[in-house]
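1. sequence first, then the predicted structure, then my questions.
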Amino acid sequence: MKQPSPAPTSPAADPDPYRGERFPAAGSLRPTPETRYSAWYATRKGAFMLARKEELLRRLLSGWARRSRSLLVVQAGEGMFLESLWESGFDVTGQESVPALLDAARARLGARAEYALSAPDHLPFDPCSFDYAVAVDALEFCRDQEAVLREMDRVVCGGVILMVPNAWSLSGLCCRRGAACGPLRPFLQSPRVLQRLVKKVFAGQRAVWISSLLGPAWSWRPYPPAILANSLHTPLPAGAVIGVRIDFGPLSTGTPLPAAVRSPVSTLE
């Protein structure tokens, strides 16, 4: 387990140092990149992608102990993944920078979670306040990703999971050619850039990489053979969604709660 690191200096006076249209007025859920994600998840292709994201997240979580372990969800949005992580057995806290989105998460989970309104690059927590942290549908919206990762590194003592849309995937290539694939196009992330950031911020820690959704967006449907190909997990950065788990210490032995672990996850050096 790593030792606590010093707290960051005070943030700049700029009320929005990291996201363009990220701050709607309290009580308003006008369209933002994050709310467009939620609306897209209600469509057929969006629902299919959401299911694959949840499978990938469960796969990455399989090495972590859960009961009585605290987990911070960075930029929790309306609480979709916050709720599933609570159901997985963690004591969850949702951090969000948009008051209206945090209100939506609070309405969704109530007293089952704790909540924090703050910037993701200046978290209001002491060093090593949490066992783990997760950022899903989050990092791609942050202007200063390195600062966000450093804050996650500061407040966590056990490990971090990151998941982003992959610019190197077939669906990413189709998006860049103008194909319709929901709200992904402006937020596609380069695995090479993310890997460099992970190595820089979490130097010396073990990183496990895995991706899912190997097919293009037109193949995202719950019928064979497309569902079989798109449900495969690979350590190569080939799927539409790429995830990385950074472990700050040895993994627990066995699977702490019932979870389907089909095969060991490979490590990308």
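-> Received, thanks. Residues are numbered from 1 along each chain as shown.
2. now do the helices in the stretch 1-150 of the chain.
-> With DSSP state H, counting those that start in this stretch applied, the stretch 1-150 of the chain shows helices at 33-41, 44-61, 80-87, 99-109, 145-155, listed in chain order.
3. any idea how far residue 188 lies from residue 93?
-> 29 Å (Cβ to Cβ, to the nearest Å). All C-beta atoms are positioned from the backbone trio N, CA, C, and that covers glycine.
4. same thing with residue 66?
-> 15 Å.
5. that older thread, tell me which of the helices of the stretch 1-150 of the chain lies nearest to residue 213.
-> When these are compared for distance to residue 213 using Cβ to Cβ, the nearest one is helix 44-61, at 5.0 Å.
6. quick one: residues in contact with that closest one.
-> The list of residues contacting helix 44-61 from outside it, by Cβ atoms under 8 Å, 6 or more residues apart in numbering, reads 39-41, 80-81, 84-85, 88, 134, 136, 161, 163, 181-182, 208, 210-213, 217, 220-222, 230-231, 233, 240-241, 243-245, 259-261, 265.
7. next, the buried residues of that helix.
-> Using 16 or more other Cβ atoms under 10 Å as the burial criterion, the residues of helix 44-61 that qualify are 45-46, 48-53, 55-57, 59-61.
8. what does stretch 226-233 give?
-> So for stretch 226-233, counting by 16+ other Cβ under 10 Å, buried means 226, 227, 230, 231, 233.
9. hmm, the last one is touching residue 212, no?
-> Read it as residue 233. Yes: with contact defined as Cβ atoms under 8 Å, residue 233 and residue 212 form a contacting pair (5.4 Å).
10. what do these two both touch?
-> Overlap between the neighbourhoods of residue 233 and residue 212 consists of 55, 56, 239, taking contacts as Cβ under 8 Å, 6+ apart.
11. as CSV, those residues with pLDDT would be great.
-> As requested, those are exported to CSV (pLDDT from 0 to 100):
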residue, pLDDT
55, 94
56, 95
239, 90
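12. of those, closest to residue 168?
-> For the shared contacts of residue 233 and residue 212, the closest approach to residue 168 (Cβ to Cβ) belongs to residue 239, at 9.2 Å.
13. and the gap between the closest one and residue 162?
-> Computed as Cβ to Cβ, the residue 239 to residue 162 distance reads 14 Å.
14. that older thread, ok, the shared contacts of residue 233 and residue 212 vs residue 173, which is closest?
-> Distances from the shared contacts of residue 233 and residue 212 to residue 173 were compared by Cβ to Cβ; the smallest belongs to residue 239, at 12.5 Å.
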